[in-house]
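A.B. asks: The following block contains a protein sequence and its predicted model.
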Amino acid sequence: MMKATKIILAACVALAAIACSSQKPVQNTAADLSITCEPHILEVVGGKVDAAITINFPAGYFKTNSMMVVTPVIVYADGQRTGTPYIYQGEQIKANYRVIPLKGGEHTLNVSFDFVPGMEQCVLQLQNKVTINGKSMDLPPVKVADGCIATYRLADFSGEFQPKPDGFEQITSYTTETSILFDVNSSQVKNNGQNKNALEVYKSYLRDLKNDSRYNVTSAEIVAYASPEGGVDLNDKLSEDRAKAAENTWAQMGKGLSDSIKVSSVGQDWEGFKEAMANSDIEDKDLILRVLSMYSDPEVREQEIKNLSFIYEDIKKDVFPGLRRASFVVSAEHIGYSDEELKSMAENQLAMLSEAEILHLATISDNNENKKFYYRVTTERWGSNTGYYNLAALSLNENKIEVALAYLTHTDEGDPDVMNLLGVIEMRRGKYENAINLFEQSGTEDALKNIGTAKIALGDYTSAAEALAGTGSRNEALAFILDGQADKAAAASSDATARDSYIAAIAAARLGDAAGVKEHLAKAIEDPVYAEKAAKDAEFADYR
């Protein structure tokens with residue numbers, strides 16, 4: 001609601017005296033001048049303090065040969081800011097200013113000031129000078145607004161970003177597989193070089209697993225198959241026999257590795273056939289697979305495969321042999337170094353550690369200098385993108401923007417985390433449009449939060465609230481307050497920090513919740529900074 005300020009201009013009498021030698025006063029009685037300001041308590045939006053001041057000149061107030069200069073001024077403890085003067089003239093004045101007729105009129109001054117700290121406690125006034133016949137008189141200043149809400153300054157514009165994860169996994173799972181082949185319609189393991197080589201390599205691998213205390217076999221499985229060419233019943237029986245033969249082979253090869261082994265028989269290997277066909281050079285393979293896929297009955301499909309194998313002999317020669325098999329599948333986990341082991345090795349065996357292990361050393365270090373050391377090691381040895389990025393993030397935490405930028409020149413082009421960090425740098429420089437462009441290119445969760453924060457700086461509070469809604473950002477509740485959604489702000493607020501409590505108290509104040517103001521403000525003012533701020537903040541004017 002607009003607040004009206006009514007002024008009885010006794011100075012009108014004095015002006016009449018000035019002018020009496022040349023012109024009788026238009027009105028012998030004092031005139032009422034009505035001035036309204038919207039908002040009546042000023043507010044900072046996007047770093048600007050804007051207001052609309054409407055002056056209503058009553059009939060007979062403005063003499064036909066007079067001029068008035070109206071200057072909006074914000075006065076605060078540390079100084080004042082002067083706005084653009086507005087000049088009005090009577091109907092007989094030959095000039096190009098706004099004419100106020102004798103019958104009266106109305107005019108709205110749209111004023112704007114750059115906000116500076118200290119304006120929270122200020123007065124917006126109009127300083128007026130009236131001139132008649134070349135003689136001037138300064139009228140008393142007219143106060144039109146009192147106080148300035150600068151709640152947007154509670155926004156945290158430092159930007160949200162995280163260190164990249166180190167990629168270290170202490171326990172890593174592996175699954176390996178090898179197969180032994182059989183002749184057509186046979187369950188005897190082929191005694192050929194291919195089988196011998198596969199078994200020897202796998203035996204060696206299994207021995208390594210068994211002899212390395214950092215490996216633990218979690219499961220072992222045998223799966224036997226038959227090529228789809230001999231009938232479903234025959235293939236099922238053949239597959240089962242091959243599974244038994246493979247189990248006997250495992251008994252010698254995998255002794256002591258696993259307490260039990262799962263043995264299964266698939267029978268006709270339709271899935272394996274499709275994969276082998278797709279990877280083959282057989283002409284019309286796609287057409288063959290489309291035709292065979294039309295048959296859901298395994299017996300019918302197998303007969304069609306058999307028929308096609310007489311037309312396309314490469315099916316017999318290149319596809320079927322690899323399907324007559326039994327596979328050994330072993331799953332194991334590798335237990336890497338513990339944090340304590342890594343810390344110990346860092347002292348004299350650092351060269352033995354991998355990139356991920358050294359990055360993890362940085363993660364578990366509680367000293368930033370140690371973190372920087374480990375990140376530098378990874379950049380020197382591997383040109384680590386993570387190392388360079390995390391060095392940049394640490395530098396930005398120390399507000400060393402140029403150092404951060406230098407590190408980022410070595411990171412991967414187009415890395416979403418890097419784009420977000422570049423956006424944070426632009427935001428800290430006050431280049432909010434540039435920052436938003438980089439955040440949009442990034443698209444990370446942090447970048448989406450940062451878009452909302454940049455929108456706050458630009459005074460686009462509705463977009464900010466939309467961007468931050470449900471994100472848990474440290475600016476979420478504040479964005480709702482600035483957008484006039486105090487109920488959502490209250491729901492999103494917390495007492496995690498003094499700042500959070502202060503924002504929660506403002507939300508409560510705007511909802512008229514006196515108890516909420518008292519509760520949250522009590523926590524906020526435990527911090528002397530917020531205690532001093534609360535004592536002057538116009539948000540709490542009704543609660544003092």
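C.D. replies: Structure's in. What do you need? Numbers count the residues shown, from 1 in each chain.
A.B. asks: From D318, how far off is L234?
C.D. replies: As defined by Cβ to Cβ, to the nearest Å, L234 lies at a distance of 22 Å from D318. Backbone N, C-alpha and C define where each C-beta goes, glycine included.
A.B. asks: OK, contacts around the closest residue to A509 other than its chain neighbours?
C.D. replies: Closest residue to A509 apart from its sequence neighbours, by Cβ to Cβ, 6 or more residues apart in numbering: V517 at 5.0 Å. Contacts for V517 (Cβ atoms under 8 Å, 6 or more residues apart in numbering) come out as A505, A508, A509, F540, Y543.
A.B. asks: Point out the other helices and strands that the helix or strand containing the first one packs with.
C.D. replies: Following DSSP states H and E, the helix or strand that holds A505 is helix 498-510. Contacting helix 498-510 under the criterion 3 or more Cβ pairs under 8 Å, 6 or more residues apart in numbering; DSSP states H and E are the following elements: helix 476-482, helix 486-492, helix 514-524, helix 528-536.
A.B. asks: which of those is buried the deepest?
C.D. replies: Neighbour counts (mean count of other Cβ atoms under 10 Å) averaged over each of the helices and strands packed on helix 498-510 peak at helix 476-482, with a mean of 27.
A.B. asks: elements contacting it?
C.D. replies: By 3+ Cβ pairs under 8 Å, 6+ apart, helix 476-482 packs against helix 445-457, helix 461-468, helix 486-492, helix 498-510.
A.B. asks: List the buried residues in the first one.
C.D. replies: This points to helix 445-457. Within helix 445-457, the residues scored as buried using 16 or more other Cβ atoms under 10 Å are D446, A447, L448, K449, N450, I451, G452, T453, A454, K455, I456, A457.
A.B. asks: give the contact list for the closest residue to the first one other than its chain neighbours.
C.D. replies: If you skip the residues right next to it in sequence, D446 has E160 as its closest partner in space, 4.4 Å away by Cβ to Cβ, 6+ apart. Contact criterion Cβ under 8 Å, 6+ apart gives V424, D446, K449, N450, T453, S473, R474 as the residues in contact with E160.
A.B. asks: so who does the first one touch?
C.D. replies: Which is V424. Shown in contact with V424 (Cβ under 8 Å, 6+ apart): S158, G159, E160, F161, L396, A435, N450.
A.B. asks: From E476, how far out is the spatially most central residue of the chain?
C.D. replies: When Cα atoms, centre = their mean is applied to the chain, the residue found nearest the centroid is D446 (1.9 Å). The spacing between D446 and E476, counted by Cβ to Cβ, is 13 Å.
A.B. asks: same check, this time on A509
C.D. replies: With Cβ to Cβ as the criterion, A509 and E476 are 18 Å apart.
A.B. asks: rewinding a little: so the helix holding A505 versus helix 514-524, what angle?
C.D. replies: Helix 498-510 and helix 514-524 are oriented at 160 degrees to each other (axes from the mean of the first three to the mean of the last three Cα atoms, to 10 degrees).
A.B. asks: Please state the offset of helix 498-510 from the chain centre?
C.D. replies: Distance of helix 498-510 from its chain centroid, counting by Cα atoms, centre = their mean, to the nearest Å, is 24 Å.
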